[in-house]
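Asker: turn this into a model:
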Amino acid sequence: MTLTIFLSIFLTSLAWSQAFKVLPKGVRIIGMRNVITSKINSNFNQFKSESPMGTQFKIDAQTINSLSGNVITPGKDISSDAYNNFLLGEYKVDAEAQLNVRGMGFGYGLTDKLMFYGEIAYYEAQVRSSIKRTQGNSYESTARLLDGRNQAVADNLRQMIDANENTVQSVIVNHYGYKPIGDWYGKGYGDMETGLMYKALDRGVYGLMVYPGVVLPTGRQDDPDILQDIAFGDGQFDLFTELATGYVVDDHLQFGATIRYTHQFETTKKLRIPDSQDFALSSRTGTFNVKYGDKLNLMLNSTYKFNDWISFTPVYRYMRQESAQYHSDFHQADSFLSANSDKEEHQGQMTASISSITPFLKKQFVLPAQININYVKTLSGKNIPNVQRFEFEIRMLF
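Answerer: Now for the predicted structure:
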């Protein structure tokens, strides 16, 4: 049930509200952004449909065999129909998360065509989770299937203790070795991004910017012993290249686009060793070499300027990430972990901006700065959380 949320802090220089512009030589920009998410309680699953964020599982005869080493043999210890009917219960781990993220960024114009930038975010996350039972046991119906054929087992079934939520919590903690399911709170820095932005082409009304960069693994990673925690980073170095372009129609309307390709390097992680693709819990841990899938990000926007101060920008974002690859001594577990690990996301964003940059350039205002208010919503996707977030950002040049 571990949730990984990618809340990127985009602090590229928009001093002229054009994606292909960079800072002039010797000019600096600092940016701060505060991001608050709505309560996150659902995902877009592998079938691209919305589903609850928590894990659902059942404990049946097959589960007991996986826990205890095939102690029940269908057709020998009990009949096959009784084996298939036996159920201790079905359970659901309800989960709800909310994050507050504060991003900080800095840029500096090295030349009139080249600038350096860096950015990092600080996360505060809270998760509320609990175990709920969704279906009771089948002791009586299974016992009736055994009456007259294996009466001793039938009688024992009728006397078995019901496995309620507390029983399941005890199994999760005492047998599997996880920390208890419940509320979780964490805070810390995310991964740091840094790179260069190079203005490759500038024809006034259109242009092209290229910027290579790296993502450093400075963020908190998942704890394999906590089912309900949130990672603030994924634990490996990334190398990316991004292209940004734009076209200015007139003083009021302009368009922009960026495309980024990210290569994620291999890393080593300590993970739980799954015994099944469909059952999330495992009592064993092992070391895995993990290569997360490379990512493609696309962003399209159009900006309408009412005047030199106020503008509105609708944005469309797309993300596609290939499947992860796992390599270890546990070959079957590698395939279980890799299955359905690809991701896809479509987001919509609306930005309202108040900027004094153009008035500053016209010598009508003393300070070049910009305030952005963003609303971002996940529209659809695959294997990603369904998130809405509200952002407040301020940028200042000096």
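Asker: list the contacts for residue 331?
Answerer: Listed by Cβ atoms under 8 Å, 6 or more residues apart in numbering, the contact set of residue 331 is empty. Quick note: C-beta positions are derived from backbone N, CA and C, even for glycine.
Asker: how near is the residue with the largest distance to the centre of the chain to residue 397?
Answerer: Distance from the C-alpha centroid of the chain, by Cα atoms, centre = their mean, peaks at residue 148 (53.8 Å). Distance, residue 148 to residue 397, by Cβ to Cβ, to the nearest Å: 86 Å.
Asker: point out where this protein drops to low pLDDT.
Answerer: Scanning the chain for pLDDT under 70 picks out the ranges 1-18, 66-71, 75.
Asker: how about the helices in it?
Answerer: In the chain, the helices defined using DSSP state H lie at 61-68, 80-85, 139-146, 151-158, 165-170, 331-338, 357-361.
Asker: what comes up buried for stretch 344-360?
Answerer: 344-347, 349, 351, 353, 355-360 (16 or more other Cβ atoms under 10 Å).
Asker: swap in stretch 179-195?
Answerer: By 16+ other Cβ under 10 Å, the buried positions in stretch 179-195 come out as 181, 184, 186, 190, 191, 192, 193, 195.
Asker: rebuild those residues as CSV, extending it with distance to residue 320.
Answerer: Converted to CSV, the buried residues of stretch 179-195 look like this (distance: Cβ to Cβ, whole Å):
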residue, distance to residue 320
181, 33
184, 30
186, 28
190, 21
191, 19
192, 24
193, 19
195, 21
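Asker: closest one of the residues you listed to residue 247?
Answerer: Distance to residue 247 across these (Cβ to Cβ) is lowest for residue 195, with 24.0 Å.
Asker: find the nearest non-adjacent residue to the closest one, please.
Answerer: Of all residues not flanking residue 195 in the chain, residue 213 sits nearest, at 2.2 Å (Cβ to Cβ, 6 or more residues apart in numbering).
Asker: the one you found bridge partners, please.
Answerer: residue 195, residue 240 (DSSP bridges).
Asker: wait, it touches residue 242, no?
Answerer: Yes: using Cβ atoms under 8 Å, residue 213 is in contact with residue 242, at 7.5 Å.
Asker: one step back: any idea how far residue 160 is from the residue farthest from the centre of the chain?
Answerer: Distance check for residue 148 against residue 160: by Cβ to Cβ, it reads 19 Å.
Asker: same thing with residue 140?
Answerer: Per Cβ to Cβ, residue 140 is found 10 Å from residue 160.
Asker: as TSV, the helices of the chain with distance to residue 303 would be great.
Answerer: Below are those laid out as TSV (distance: least, Cβ to Cβ, whole Å):
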stretch	distance to residue 303
helix 61-68	55
helix 80-85	61
helix 139-146	64
helix 151-158	68
helix 165-170	52
helix 331-338	41
helix 357-361	12
